[in-house]
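In: missing the sequence, but the structure's below:
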């Protein structure tokens, strides 16, 4: 992860981001996934940039509808 500097903590932080609760909303034909904010500003920063990186690869749902997915942090 390019946005978190403590190498030994990268996997635990990534696990926290991936397991974070949030909201899913269908909006204008796009599935919007919003994670709740992190209180730790460093982790919040890393989560926001991870979402940006995911959005750049233009992910989509793997079901029959193939809806595009947009990730964000509240």
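Out: Thanks, I have the structure now. Since the model is a prediction, treat every value here as computed from it, not as a measurement.

In: Only C-alpha atoms from now on, for both contacts and neighbour counts.
Out: Will do.

In: just the helices in this structure please.
Out: 10-18, 41-56 (DSSP state H).

In: Mean neighbour count, those: which tops it?
Out: Compared across the helices of the chain, helix 41-56 shows the largest average neighbour count, a mean of 16 (mean count of other C-alpha atoms under 10 Å).

In: and the angle from that helix to helix 10-18?
Out: Angle of helix 41-56 versus helix 10-18, following axes from the mean of the first three to the mean of the last three C-alpha atoms, to 10 degrees, is 70 degrees.

In: which strands and helices sit next to helix 41-56?
Out: Contacts defined by 3 or more C-alpha pairs under 8 Å, 6 or more residues apart in numbering; DSSP states H and E place helix 41-56 against strand 69-73.

In: Reformat the helices of the chain as JSON lines; add mean pLDDT and distance to residue 31.
Out: What follows is the helices of the chain, written out as JSON lines (pLDDT from 0 to 100; distance: least, C-alpha to C-alpha, whole Å):
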{"stretch": "helix 10-18", "mean pLDDT": "82", "distance to residue 31": "17"}
{"stretch": "helix 41-56", "mean pLDDT": "90", "distance to residue 31": "12"}
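
In: Which one, of the ones you listed, ends up nearest to residue 25?
Out: helix 41-56 (15.8 Å; C-alpha to C-alpha).

In: from the chain's centre, how far out does the closest one sit?
Out: 6 Å (C-alpha atoms, centre = their mean, to the nearest Å).

In: ditto for stretch 56-69
Out: Here stretch 56-69 is found 14 Å from its chain centre; the criterion is C-alpha atoms, centre = their mean.

In: So which residue of this structure lies furthest out from the middle?
Out: residue 64 (22.6 Å; C-alpha atoms, centre = their mean).
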